[in-house]
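> Provided below for reference: sequence and predicted model.
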Amino acid sequence: MPEIPDERLAELRNLAGRLGVEVRDYSLFDRALTHASALGEHPQADRHYEALEFLGDAALGLAVADYLYSANPGRPPGANSKIRAQVVSRDTLARIAAGLTIPAAIRLGRGEERSGGRDRASLWADCMESVIGALYLDQGWPSTREFVIRILRDELEYAGTGTNDGDHKSRLQQYCQAKQWPLPVFTVLRADGPDHRKEFEVEVALSGKPAGRGIGPTIKAAEQIAAGMALDIHLGESE
């Protein structure tokens, strides 16, 4: 692969620091964050993220399954499958990617950028998986498992309680009730795109103050991401 330009390399190094990983081969991470639309515009980019996404999806599923089995060997397989599906959902991955600032590092072609590609939660989730795939090739299984469990720790612990089916919106409502606050208010800020590719942005307010935003392919999905972000902020402040 051609040499990565200094500016791009610095961007990737900063991201690695935020992810808490020590990268050996930055070309893997460059590929993991390169959209197909960018290939014709960046001479140093010869491949896009989709193959790494496939690998990362498998590594992600195995890491979560391994954790769930190790944490509770007696839990029925069906229950573990349900928890895993909650934890590795597209909504969850998009929210985690946003929290790790992955969207800002994705390289897009000019046309895809102009059409709002960087704001698509589905792309964030894809690149979260491709980064995991790159980490697996760069660091091996133990480091990849540790990374997956670290970024999904809260999701795993909450889903494992068996309450609310990982529903961040319900959990946020319970949090407000415990605090004796008014219930959260969700507002659709925008709805863009054709019918087959709609994208919604939702903001959630707590006690009249903005507390989180989410972008998703449905209003419900965007609300879940916004609620999850609000929980991350408020639960983090209470620790």
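On my side now, so go ahead.
> and the next element down the chain from the lengthiest helix in the chain?
Longest helix of the chain, by residue count under DSSP state H: helix 50-71. Sequence order places helix 77-87 as the next helix or strand after helix 50-71, per DSSP states H and E.
> can you state the direction angle for whatever helix or strand comes next after that following helix and helix 77-87?
Where DSSP H and E defines the elements, the next helix or strand beyond helix 77-87 is helix 90-99. Note on geometry: by axes from the mean of the first three to the mean of the last three Cα atoms, to 10 degrees, helix 90-99 and helix 77-87 are set 40 degrees apart in direction.
> hey, C-alpha coordinates of helix 90-99 in PDB?
Provided in PDB are the C-alpha atoms of helix 90-99 (Å, rounded to 0.1, in the frame of the first residue of the first chain):
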ATOM      1  CA  ARG A  90     -26.300  -1.400  14.600                       C
ATOM      2  CA  ASP A  91     -27.800   1.300  16.900                       C
ATOM      3  CA  THR A  92     -25.300   0.400  19.700                       C
ATOM      4  CA  LEU A  93     -22.300   0.200  17.400                       C
ATOM      5  CA  ALA A  94     -23.200   3.600  15.900                       C
ATOM      6  CA  ARG A  95     -23.500   5.200  19.300                       C
ATOM      7  CA  ILE A  96     -20.200   3.700  20.500                       C
ATOM      8  CA  ALA A  97     -18.500   4.800  17.200                       C
ATOM      9  CA  ALA A  98     -19.800   8.400  17.800                       C
ATOM     10  CA  GLY A  99     -18.500   8.400  21.300                       C
END
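> in it, what's buried?
Arg90, Asp91, Thr92, Leu93, Ala94, Arg95, Ile96, Ala97, Ala98 (16 or more other Cβ atoms under 10 Å). All C-beta spots, glycine's among them, are computed from the backbone N, C-alpha and C.
> how far does that helix sit from the chain's center?
Here helix 90-99 shows a centroid-to-chain-centroid distance of 2 Å under the convention Cα atoms, centre = their mean, to the nearest Å.
> just want the angle from that helix to helix 50-71.
100 degrees.
> picking that back up, packing partners of the longest helix of the chain?
helix 26-32, helix 77-87, helix 121-139, helix 141-151, helix 153-159 (3 or more Cβ pairs under 8 Å, 6 or more residues apart in numbering; DSSP states H and E).
> circling back to that earlier point, just name the closest of the buried residues of helix 90-99 to Glu157, please.
Thr92 (13.2 Å; Cβ to Cβ).
> report pLDDT for the closest one.
On pLDDT, Thr92 comes in at 86.
> likewise Leu235?
With respect to pLDDT, Leu235 has a value of 67.
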